[in-house]
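K.L.:
need a 3D model of the following:
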Amino acid sequence: MKQLKWIIPMALFFSVTGAWAQETAFGLKGGVNLTNLKVDDPEASYDSRTGYHAGVFVRSKFNKIALQPELLLFTQSNEVNYAGGFGATQRFTYLSVPVLLKFYPAMGLNVHLGPQFGFLVDGEEEVRSLLFTGTRDISESYKSSDVSLSLGAGWDFDFGLSLDVRYNLGIKDINNVADGEEARSRVFLLSLGWNFLK
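P.N.:
Below is the predicted model:
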């Protein structure tokens with residue numbers, strides 16, 4: 001994917017940063033998402049559905065501040081309902097790269113924020129109506145990348161476990177249809193992680 005050509009220099013940057021850190025962590029993480037699209041469409045309602053995320057993280061900590069990039073396989077979905085009994089379930093898979101700045105006010109307690117860059121892997125829509133029920137590809141109807149602002153809090157335990165609660169606020173219109181309504185992602189995440197370098 002052409003959009004991922006910057007990942008190699010980014011990985012080198014984080015490797016150098018980790019070498020200077022007071023504490024370095026590397027591990028796996030995963031959890032559940034409650035996702036939706038915010039669409040200004042008066043003719044339809046969009047309801048949240050659950051998804052999941054899983055991947056790896058690296059954390060470079062300097063006293064009470066840490067930099068934590070992640071690489072996640074990320075699923076998002078939502079329910080669309082129109083008048084007249086027509087509805088659809090939309091499902092998307094993203095390769096997501098959050099880059100978080102974490103602040104530690106006391107012990108393992110942290111608050112964090114930063115951008116999350118998402119790259120669309122696939123999208124499909126399950127359509128339900130009186131005349132037709134089936135699945136179709138909707139990848140071309142949405143832009144190939146997304147940008148969100150991540151805000152959250154968590155706790156990093158000394159024995160390696162971490163717990164995060166996070167909210168992603170989409171700041172980019174991802175609708176790729178000409179003259180279509182603006183669509184922005186909204187995701188609530190609950191994550192568990194394990195640090196192998198504890």
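
K.L.:
export stretch 109-128 as PDB, just CAs?
P.N.:
Taking Å, rounded to 0.1, in the frame of the first residue of the first chain, the C-alpha atoms of stretch 109-128 are listed here in PDB:
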ATOM      1  CA  LEU A 109      -2.200   5.900  36.100                       C
ATOM      2  CA  ASN A 110      -2.000   7.700  32.700                       C
ATOM      3  CA  VAL A 111      -4.000   9.900  30.400                       C
ATOM      4  CA  HIS A 112      -3.100   9.900  26.800                       C
ATOM      5  CA  LEU A 113      -3.900  11.600  23.500                       C
ATOM      6  CA  GLY A 114      -2.600  11.700  19.900                       C
ATOM      7  CA  PRO A 115      -3.600  11.000  16.300                       C
ATOM      8  CA  GLN A 116      -4.700   7.700  14.900                       C
ATOM      9  CA  PHE A 117      -4.100   7.100  11.200                       C
ATOM     10  CA  GLY A 118      -6.300   4.400   9.600                       C
ATOM     11  CA  PHE A 119      -5.800   2.700   6.200                       C
ATOM     12  CA  LEU A 120      -8.900   1.000   4.800                       C
ATOM     13  CA  VAL A 121      -8.400  -2.700   4.000                       C
ATOM     14  CA  ASP A 122     -11.900  -3.600   3.000                       C
ATOM     15  CA  GLY A 123     -15.500  -2.600   3.400                       C
ATOM     16  CA  GLU A 124     -18.800  -4.400   2.800                       C
ATOM     17  CA  GLU A 125     -22.500  -3.700   3.300                       C
ATOM     18  CA  GLU A 126     -25.200  -6.300   4.100                       C
ATOM     19  CA  VAL A 127     -28.400  -4.900   2.600                       C
ATOM     20  CA  ARG A 128     -31.800  -5.800   3.900                       C
END
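
K.L.:
for the closest residue to residue 156 other than its chain neighbours, grab the count of nearby residues.
P.N.:
Closest residue in space to residue 156, ignoring its immediate chain neighbours: residue 108 at 4.2 Å, by C-beta to C-beta, 6 or more residues apart in numbering. C-betas here are computed from N, CA, C, even on glycine. By other C-beta atoms under 10 Å, 13 other residues sit near residue 108.

K.L.:
so residue 108 touches residue 161, yeah?
P.N.:
No. Between residue 108 and residue 161 there is no contact under C-beta atoms under 8 Å: 9.5 Å.

K.L.:
pLDDT on stretch 183-198, on average?
P.N.:
The pLDDT scores in stretch 183-198 average 91.

K.L.:
again, but for stretch 138-145
P.N.:
On average, stretch 138-145 scores 89.

K.L.:
what's in contact with that stretch?
P.N.:
3, 90, 92, 117-120, 122-125, 172-177, 180, 183 (C-beta atoms under 8 Å, 6 or more residues apart in numbering).

K.L.:
no more questions from me, cheers.
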